[in-house]
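Trainee: output the structure for:
(chains A and B)
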There are 2 protein chains.
Amino acid sequence: MILFYDIASSLPTKAWSPNAWKTRLALNHKRIPYKTIWVLYADIEKASRQLGALPTRKKIDGVTDCWTLPCIWDLSTGAIIADSTKIAIYLDATYPASPESPSSPPIRNLMPTDTTFPLFMALEASMLPLFHPLYLFAIPASDALLDERSQTAFRFKREKVHGKPMHLISPRPGTEEDKVEWAKVEAAFGMVHNWCLDTAAAGLRRAVWRSADQVGEDGMPTGIGDVLTGTGDVLTGVKVNGEQKALTNGDGEKRENTYILETLEPTYADLWLGGYLIWIKLVLPAEKWESVCGWHGGRWARLVEGLEAGGWMEVI
Amino acid sequence: MILFYDIASSLPTKAWSPNAWKTRLALNHKRIPYKTIWVLYADIEKASRQLGALPTRKKIDGVTDCWTLPCIWDLSTGAIIADSTKIAIYLDATYPASPESPSSPPIRNLMPTDTTFPLFMALEASMLPLFHPLYLFAIPASDALLDERSQTAFRFKREKVHGKPMHLISPRPGTEEDKVEWAKVEAAFGMVHNWCLDTAAAGLRRAVWRSADQVGEDGMPTGIGDVLTGTGDVLTGVKVNGEQKALTNGDGEKRENTYILETLEPTYADLWLGGYLIWIKLVLPAEKWESVCGWHGGRWARLVEGLEAGGWMEVI
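Mentor: Purely as a prediction, here's the structure:
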């Protein structure tokens, strides 16, 4: 049994924090029995010190220890671990998927092999610097869901960082700034989308090169001149010798591109992105989530739908 | 047979370009028959146009097409692909490791599963912005190895980007600037090293938690209070109940941390980093490479030694 410490809000689900969502998605994914312990934002340090958790960073002064949630207390091993990335690595290391797994349904890995976490950390390192514009929107919207005592603590650091009072941090809806900053959020997700497209395109080209019908008159495959086609930037097909073909994977099935490593079930990379997408969906005005659903051929809507339908978003 | 287009220098190996090294390491890794075609830097565009390669980027004006090497022409499929990342993805997609592989020794994958390239691209996106200081050192050192006609072409863009003539781009040896900029190169590699340490530490803790000898008097494992020990920042052991234990992996073998995903053979993530490390080793003064060998417990020296000993650095 794992105790999972999360930050409470006034939402019906209570859950809102993107980092805590990463851990919840991970716990649901791995199918490890756990229970959420709700902590008010104002009480994070007190609760963490009582638990004996290590501080995860320094406060804005650069000197004083700072505790954050999520944190887990694994009652089976005694381990107390704060920081969503460290928790994810711990969970895969401690509860690896294996045929001998005693649980039913069996435990799943967060990463396809337990050696790929260093590369996942590269995803984190490349995305986090691009998320500043997202915070402009989602921090004030999250603040509005906290109790008064927590708001005081929440605002202290964030108003310093942004150099303005909480109610002035978000761009006003409909302004040019609103458009510009929101477009930066789209571009951040677009970077990951492009990585996926590049990889998918290579797999596609392979299928094209290998199919016999496009060896040209000179006996050489004509793949070089093929044109990838689609709506916007979703790969849906390929033109082979001028003829439209559907986009398929090696087995002839249509690629859905739901998860970023093209796995049948999400990996931790999807759950990490899912944390931010769920945050957007839960705390921002509905039109922002509708906007996200229109990005990159609906990739992010499909991702969150997949997590919802498969039970990853359950709040226990 | 693959034709591999690389940029010639006056070095005995001719090879120097970090991006072309990535492709050479990848071709040697996969054991696909290939032959290097040497191109002078000044002739890259002409050779690429003749070949029918697509431009990989725009010139400094943001408008004109720009061709770069490496580029490959795969005579078996007709594919012509420029850009080391696109080449790597193509090679794994087109020549996957498989038991039915007709070659002997068998073809290897660049990535452990063919779905992890999007995460590799995250490594690239997070490291590249940190490599600016490396270019300060290695660009003028590379320039010195080119023929006169190539130097003219090489300098045109780079002197514009840096806003100074080639001979003033590198910090002068022994100055404060030299120290500061070189420390930034160390920090860039240190980021990757820390990702590996975090992952390794989780695996280690798991072994610690699981071994019976450290269940405390209260019946709980004492792993929480264990201290990872080592020289500098290399994990070499762990203190369990005050007693020093060697750092071992699940099978009781000592971890060498040679490759960043802790695989027995390098993955493309190692080859990518290897491209830059080999560049440093080949073009910079010997004391710079000696300095790199002292970073992060000798991790990078071990990586390049591994590539050298295993035949990955062969120039064919």
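
Trainee: which residue ranges of chain A form helices?
Mentor: Here chain A has its helices, by DSSP state H, at A:18-30, A:44-51, A:84-94, A:117-127, A:132-143, A:148-162, A:176-210, A:268-283, A:286-293, A:299-309.

Trainee: buried sites along the fourth one?
Mentor: Translated: helix A:117-127. Buried residues in helix A:117-127, counted by 16 or more other Cβ atoms under 10 Å in any protein chain shown: A:117, A:118, A:119, A:120, A:121, A:122, A:123, A:125, A:126, A:127. C-beta here means a position set from N, CA and C on the backbone, and glycine is covered the same way.

Trainee: could you restrict those residues to the ones contacting chain B?
Mentor: Among those, the residues lying close to chain B (Cβ under 8 Å from any Cβ of the partner chain) are A:117, A:118, A:119, A:120, A:121, A:122, A:123, A:125, A:126, A:127.

Trainee: residues touching the last one, list them.
Mentor: What that stands for is residue A:127. Applying Cβ atoms under 8 Å, 6 or more residues apart in numbering or on different chains, we find residue A:127 in contact with A:188, A:191, A:192, A:273, B:122.

Trainee: low-confidence ranges in the stretch 201-316 of chain A?
Mentor: A:203-256 (pLDDT under 70).

Trainee: near chain B, which residues of the stretch 51-200 of chain A show up?
Mentor: Near chain B, when you scan the stretch 51-200 of chain A using Cβ under 8 Å from any Cβ, you find A:52, A:77-80, A:85-86, A:89-90, A:92-94, A:112-123, A:125-127, A:191-192, A:195-196, A:198-199.

Trainee: what residue lies at the spatial centre of chain A?
Mentor: Residue closest to the mean C-alpha point of chain A, counted by Cα atoms, centre = their mean, is residue A:273 at 1.3 Å.

Trainee: you'd agree it is up against residue A:260?
Mentor: Yes: counting by Cβ atoms under 8 Å, residue A:260 is a contact partner of residue A:273 at 7.2 Å.

Trainee: joint contacts of these two?
Mentor: Common neighbours of residue A:273 and residue A:260, counting by Cβ under 8 Å, 6+ apart, are residue A:192.

Trainee: can you list the low-confidence ranges for the stretch 1-150 of chain A?
Mentor: Using pLDDT under 70, the stretch 1-150 of chain A drops low at A:99-103, A:114-115.

Trainee: before we move on, the earlier item: of the contacts of residue A:127, closest to residue B:155?
Mentor: Closest approach between those and residue B:155, by Cβ to Cβ: residue A:191, at 31.4 Å.

Trainee: quick one, what contacts the closest one?
Mentor: A:126, A:127, A:130, B:125.

Trainee: now do the contacts for residue A:72.
Mentor: Contacts of residue A:72 (Cβ under 8 Å, 6+ apart): A:2, A:3, A:4, A:5, A:23, A:34, A:79, A:80, A:81, A:87, A:90.

Trainee: what pairs with it across the strands?
Mentor: residue A:4, residue A:81 (DSSP bridges).

Trainee: residue A:266 versus that one, what's the distance?
Mentor: 20 Å (Cβ to Cβ, to the nearest Å).

Trainee: and residue A:17, by the same measure?
Mentor: 19 Å.
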